[in-house]
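>>> Quick one, what's the 3D model for this:
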Amino acid sequence: MRHSSLVAFAMAVLAATPALAHTGAGTVSGFASGFGHPIGGLDHLLAMVAVGILASQQGGKSVWLLPLSFVGMMIVGGILGVADVAMPFVELGIVGSVIVLGAVIALGKHLPTGAAMALVGLFAVFHGHAHGTEMPATASGIEYGIGFAVATAALHAIGLGLGMSVKKLAEKAAPFAVRAGGGAIAAAGVFLLAA
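Numbers count the residues shown, from 1 in each chain. Below is the predicted model:
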C-alpha cells in the first residue's frame, strides 16, 4: 500500500504543468517562488527526478552523493545567475540534462561514483543558473535559494523512492523497469528540445 501511495504522489508531481520554468514566467519572490520554480517546469522536474532514479540505480554512496552534488552545484549556478554572470547554452544544458540523464538510466551502466557526481554536477550548474536569473531584485536571495534547493531535494527523493520501489516490487523485472523509465525521460527531453 505504501508503494502505491508513493507512486500516486510521484505521478501527481509529474503531471505538473508542462510549461518551461524560465525567464518571463511570471512574478518570482521568496521561498514559495523558489520552491515552485523546479516543480513548475517539466524540464527541471524530469532532470531532478532522474538524478534520484540514477542515484538509486547506482546504489551505495551514490544514493546520497549524487543528490548532494546536484544541489551543491545548482546553488553555485544560482549564485552565478543572480550575479548576472553570462553562461552560454543554459536552455540547451537543461534540456540536454533530461536527455543524457534519461539515456544513462536507460543504458543501465554503472558509472564510477566520481564520474556520476561530475555528470550531475555539470548539469546542475545550468539548472541553478536558470533559477538564479529568475530571481527578481526584490526577492530575498536566501529564501528563494532555500526554496529551490528544498524543492530539488524533494524531487531527488521522489526519484530515489521510485527507483527503490521498482527494485522491491520485482527484483528480476526492476532493472528493465528502471531502464524503461530512463528511456521515457530521455524521450521527453527530445520532445522538449523539439518544442
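>>> Quick check, central residue of this protein?
M48 (1.2 Å; Cα atoms, centre = their mean).
>>> My read is that F123 contacts S97, right?
Yes: using Cβ atoms under 8 Å, F123 makes contact with S97 at a distance of 3.6 Å. Just so you know, the C-beta spots here come from the backbone N, C-alpha and C atoms, and that holds for glycine as well.
>>> Now do the shared contacts for the two.
Common contact partners of F123 and S97 (Cβ atoms under 8 Å, 6 or more residues apart in numbering): A47.
>>> on that earlier part again, quickly find the element holding the residue nearest to the centre of the chain.
Assigned by DSSP states H and E, M48 belongs to helix 42-58.
>>> which is the next helix or strand following that helix?
helix 62-82.
>>> residues of that following helix that come out buried?
62-63, 65-67, 69-71, 73-75, 77-78, 80-82 (16 or more other Cβ atoms under 10 Å).
>>> and that helix, average pLDDT?
Helix 62-82 carries an average pLDDT of 94.
>>> counting contacts, what elements does that helix pack onto?
Using 3 or more Cβ pairs under 8 Å, 6 or more residues apart in numbering; DSSP states H and E, the elements in contact with helix 62-82 are helix 42-58, helix 113-134, helix 141-169.
>>> Count residues in the vicinity of I146, would you?
Using other Cβ atoms under 10 Å, I146 is surrounded by 16 other residues.
>>> Return the residues in contact with it.
31, 34.
>>> do the same with L111
Contacts of L111 (Cβ under 8 Å, 6+ apart): 58, 104, 119.
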